[in-house]
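**Q** A predicted structure for the sequence below; I have some questions about it.
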Amino acid sequence: MLLLNLKDSGNPKLITFPAIKLCARWTAVTAGTSLVAALSVAYIDTLYYHGTLPSSSPAVTERAMVLTASLNVESITNALSIFLTTAGMQWDLVFTPINLFKFNSNPRNLEQFGLHPWWMHAVLNTQILYGPLALIAVFICCILGFRVPYHSVSNQAVTSEGCNRATTAISERSATVRMGLLASSICGIAALSVAPHQEPRFLLPAGLGICALAAPFLWRRQKMWWYLWLLFNIGLGSFYTLVHQAGVVRSLRDHASTPPHHHLVYYASYMPPRSFAGARGKTVYDFHKAEGLTELMDMFKPLIVQLREQATVVKEGGSSLQPVLSIALPGSVSALQVSSMLSKVHKVHLQVNQPVSSYWPHFSGEHPPQQLADLSLFIYRAQFDNNP
């Protein structure tokens with residue numbers, strides 16, 4: 001549109017070349033500013049991860065300030081280069097986005113958080129996070145097509161050629177915006193699906209495009225869609241705040257008030273947030289990565305050896321504060337099988353018939369319940385044999 005207007009002016013050469021020169025200048029300014037911002041962020045991240053702010057001489061600082069004061073991209077870049085090279089930095093720069101990609105591309109780093117299939121974001125997490133909005137966004141773009149305008153402009157009588165052109169322009173502009181929003185959401189979800197560890201919260205940046213696509217549809221439709229949206233939020237909000245892994249946080253708060261010689265192990269649950277146990281978080285152990293009872297027994301071995309050594313020291317010192325071990329198991333896990341394996345491998349028994357405490361409701365996605373009676377988290381006390 002700019003070039004067409006320039007040609008209509010009667011003297012296109014005198015205007016076109018300055019315009020191209022202006023665009024090139026702004027492109028250089030944008031690129032230089034982006035480079036300076038990236039290096040600045042990398043410098044700050046390096047200071048955060050590797051040490052304190054290195055000192056520089058007053059002369060170097062003054063020279064850098066003089067160069068920066070000219071507000072020239074080249075001068076600012078030179079000033080930043082001078083400051084970085086003379087500030088005495090003896091470590092490599094930390095580029096957080098690059099480190100983030102390197103960390104998430106290695107499955108070994110993500111095993112401690114859990115590995116998921118590549119399709120989990122698109123099939124499950126999007127529905128959990130956005131529910132009807134995601135379905136409506138796909139429906140608008142795929143079923144209705146990109147040529148349907150956002151607002152019902154065609155309801156008005158179109159009698160002139162100018163109105164026809166305006167209606168077509170609005171329709172095309174709406175289709176372009178809609179396609180851009182959809183592409184933004186799809187590309188973001190596809191990029192995040194590359195990482196083998198996938199959680200619903202990772203898809204929050206895609207919410208802008210999804211909400212913008214679905215908002216006009218909801219605004220112009222019946223109240224039924226509003227009721228559906230409200231029901232979805234109430235249902236999912238209640239489930240994830242009151243049921244999903246709910247017993248973990250409550251049991252950690254109770255563990256915070258136990259004596260220092262009490263130890264608590266979690267199995268078949270998500271990673272326990274130890275901060276809820278306060279100072280007692282050091283005696284909370286996470287065995288959720290164990291796949292099967294055999295691997296669980298291997299993870300128990302160093303802990304049981306440590307507790308037996310502590311018990312021996314305490315007994316020799318004449319103290320009655322023997323270490324106490326408790327195990328948190330969801331109702332979907334057979335406590336009898338865990339107790340049998342502990343007794344066979346480590347000479348440790350669980351008081352299965354007398355759980356210390358129980359928390360209801362509790363849903364564990366790591367070991368889904370088979371019946372309603374399994375919607376609980378039980379805390380069992382372990383008893384050590386005298387002759388291991």
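**A** The structure has been received and is ready for your questions.
**Q** for I327, grab phi and psi.
**A** In terms of degrees, to the nearest 10, the main-chain angles of I327 are phi -130, psi 130.
**Q** what's near enough to touch it?
**A** L264, V265, Y267, V338, L350, I379, Y380, A382 (C-beta atoms under 8 Å, 6 or more residues apart in numbering). In short, each C-beta sits where N, CA and C put it, glycine included.
**Q** give me the secondary structure label for R381.
**A** strand (DSSP: H, G, I helix; E, B strand; the rest coil).
**Q** ok, L336 next?
**A** L336 ends up helix, using three-state DSSP.
**Q** before we move on, back to that, could you dump the contacts of I327 into JSON lines and include pLDDT?
**A** Converted to JSON lines, the contacts of I327 look like this (pLDDT from 0 to 100):
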{"residue": "L264", "pLDDT": "95"}
{"residue": "V265", "pLDDT": "95"}
{"residue": "Y267", "pLDDT": "94"}
{"residue": "V338", "pLDDT": "93"}
{"residue": "L350", "pLDDT": "90"}
{"residue": "I379", "pLDDT": "95"}
{"residue": "Y380", "pLDDT": "95"}
{"residue": "A382", "pLDDT": "92"}
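**Q** just give me the closest of the residues you listed to A31.
**A** Comparing these against A31 with C-beta to C-beta picks out Y267 as the nearest, at 53.0 Å.
**Q** show me what contacts the residue nearest to that closest one when sequence neighbours are not counted?
**A** Spatial nearest neighbour of Y267, chain neighbours left out: F287 (4.7 Å); criterion: C-beta to C-beta, 6 or more residues apart in numbering. Residues near F287 by C-beta under 8 Å, 6+ apart: V265, Y266, Y267, L296, M299, F300.
**Q** isn't the second one right up against A277?
**A** What that stands for is Y266. No. Judged on C-beta atoms under 8 Å, Y266 makes no contact with A277 at a distance of 11.1 Å.
**Q** quick check: neighbours shared by those two?
**A** Here Y266 and A277 have V284 as joint contacts, going by C-beta under 8 Å, 6+ apart.
**Q** so the residue nearest to R274 when sequence neighbours are not counted, which of the three states?
**A** Of all residues beyond its chain neighbours, the one nearest R274 is G281 (3.3 Å), with distances taken as C-beta to C-beta, 6+ apart. Classification of G281 using three-state DSSP returns helix.
**Q** per-residue confidence at G281?
**A** For G281, the pLDDT comes out at 87.
**Q** then M271?
**A** 87.
**Q** mean confidence for the one helix or strand T27 maps to?
**A** Secondary structure assignment for T27, by DSSP states H and E: helix 12-50. Helix 12-50 shows an average pLDDT of 68 in the prediction.
**Q** least trustworthy helix or strand in this protein by mean pLDDT?
**A** helix 2-8 (a mean of 44; mean pLDDT, DSSP states H and E).
**Q** mind picking the two most distant members of the contacts of I327?
**A** L264 and V338 (14.7 Å).
**Q** any regions of the protein where pLDDT drops low?
**A** Across the chain, the ranges flagged by pLDDT under 70 are 1-25, 50-93, 141, 143-174, 221-222, 318-320, 386-388.
**Q** where along the stretch 151-300 of the chain do the helices fall?
**A** Listed in chain order, the helices found in the stretch 151-300 of the chain under DSSP state H, counting those that start in this stretch are 161-192, 207-220, 223-238, 246-255, 293-316.
**Q** ignoring the adjacent residues along the chain, who's closest to S343?
**A** S343 sits nearest to H349 (C-beta to C-beta, 6+ apart), 5.2 Å away.
**Q** buried residues in whichever strand or helix holds the one you found?
**A** When elements are defined using DSSP H and E, H349 is found to belong to strand 348-350. In terms of neighbour count (16 or more other C-beta atoms under 10 Å), strand 348-350 has its buried residues at V348, H349, L350.
**Q** tell me which strands that strand pairs with, and in which orientation.
**A** strand 377-384 (antiparallel) (DSSP bridges).
**Q** so how far is L133 from the residue nearest to the spatial centre of the chain?
**A** Closest residue to the average C-alpha location of the chain: F202 at 3.9 Å, with C-alpha atoms, centre = their mean. Applying C-beta to C-beta, to the nearest Å, the value for F202 to L133 is 17 Å.
**Q** try D254
**A** From D254 to L133 the distance is 38 Å (C-beta to C-beta).
**Q** in terms of neighbours, single out the busier of these two.
**A** L133 (21 against 16; other C-beta atoms under 10 Å).
**Q** sec struct for L329, please.
**A** Classified using three-state DSSP, L329 is strand.
**Q** that one contacts R381, doesn't it?
**A** No. In this structure, L329 is not within contact of R381 by C-beta under 8 Å, at 12.0 Å.
**Q** more crowded one of the two?
**A** L329 (25 against 17).
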